[in-house]
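**Q** Provided below for reference: sequence and predicted model.
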Amino acid sequence: MTATLKQATGPQYTRILAFGAARGENPVPNDDLVGPIDSSDEWIRQRTGIITRARANSETSAVDLAAIAGAEAIEKSGIAASEIDLVIVATISNMRQTPSAAAVVADRVGANPAAAYDSNAACAGYAYGIAQADALIRAGAARYALVIGAEKLSNVVDPTDRSISFLLGDGAGAALIGPSDTPAISPVVWGSDGSKADVVSMNHTLVEYRDGNGDVPWPTLRQEGPAVFRWAVWEMAKVAREALEVAGIEASDLAAFIPHQANMRIIDEFAKQLKLPETTVIARDIETTGNTSAASIPLATHRLLEEHPEVSGGLALQIGFGAGLVFAAQVVVLP
């Protein structure tokens, strides 16, 4: 007779308990970047909505930023770090391929020996992490999870590149997730389109850099701006509407809309297409933080909760989208 394996089960629902944030130490205004790209402060503001972006000191890493944000989320949650048994770090800018940023962060914040791994889903990485943490907790594989989006994109910027260099900032945002008595994280709507992988990508591989005998520059990010804009505005608006549908709510139910902080024009177009009411607060962290890829949604949420405490306990639609091309959206109850 074959023995029957036991199966783990977890709570029926999960929720985000608290947020933490860390931004690069240095505000970098547009005027500091316009020379190499032959541009102007006015052009950058009109095209992106960015006035200044946060960039970290040379000695500060994405891992450092992640640990700071994670520690704040833990402290605000009131949950002991020792109770966290899962740490997920979404990042494309950990300068070491191994060990994972998550394992180092788990140790730094006092969550050792939590399960820990990194996730590379670019600007959708944090929303992917929320979906994974929600599913793993409900499956009984973890009880409390720390999900962090962390980037030091200034390490992968070519200051002479007009397509993306002026957009990018450094920072980390963290969310602590645990059991809930009521539904507080909706099903995720996510996916990818690898046929458009070249639209946002690194311009070289590390092998090409290593073997290039000085002729191949350090790999940096590039994008086809118009193609990304069209995809984000038209295709991602459909994903956002689908996320509302699977959550069983209307746009009018939203206290907040927190899209990936890619570009202010994309955010404005989103709001128009979703027909958001004036009562919905829209995150616009990009203005002073820049585009921080995986960190942008949690950073924007952290700022939103500080500046608009009235949205606490309300519903927020978050959507991430970027290189891959990948996307993920879900509705969450704000802590």
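**A** Everything's here; your move.

**Q** could you check how far the residue lying closest to residue 123 once chain neighbours are set aside is from residue 34?
**A** Among residues not flanking residue 123 along the chain, residue 322 sits closest, at 2.8 Å (C-beta to C-beta, 6 or more residues apart in numbering). C-beta coordinates here come from the backbone N, C-alpha and C atoms, glycine included. Distance of residue 322 to residue 34, given as C-beta to C-beta, to the nearest Å: 24 Å.

**Q** so for those two, which residue has more residues nearby?
**A** The neighbour count for residue 322 versus residue 34, taken as other C-beta atoms under 10 Å, is higher for residue 322 (24 against 16).

**Q** give the bridge partners for that one, please.
**A** Beta bridges link residue 322 to residue 326, judged by DSSP bridges.

**Q** now the one 10 residues further on
**A** In this structure, residue 332 bridges to residue 185, residue 316 when assessed by DSSP bridges.

**Q** residues contacting it?
**A** By C-beta atoms under 8 Å, 6 or more residues apart in numbering, the residues touching residue 332 are 15, 16, 130, 184, 185, 186, 315, 316, 318.

**Q** give me that answer again for 10 Å
**A** 14-16, 127, 130, 134, 175, 177, 184-186, 247, 256, 258, 301, 314-318 (C-beta atoms under 10 Å, 6 or more residues apart in numbering).

**Q** ditto for residue 142
**A** Going by C-beta under 10 Å, 6+ apart, the list of residues near residue 142 reads 8, 10, 14, 84-88, 114-115, 132-133, 135-136, 177-178.

**Q** narrow the residues you listed to those that are buried.
**A** 10, 14, 84-88, 114-115, 132-133, 135-136, 177-178 (16 or more other C-beta atoms under 10 Å).

**Q** which of those sits closest to residue 233?
**A** Among those, residue 132 lies closest to residue 233 (C-beta to C-beta), at 27.1 Å.

**Q** was I right to think that closest one contacts residue 89?
**A** No. Counting by C-beta atoms under 10 Å, residue 132 does not reach residue 89; the two are 11.7 Å apart.

**Q** who touches both of these two?
**A** Counting by C-beta under 10 Å, 6+ apart, the contacts common to residue 132 and residue 89 are 117, 119, 147.

**Q** perfect, I'm done here.
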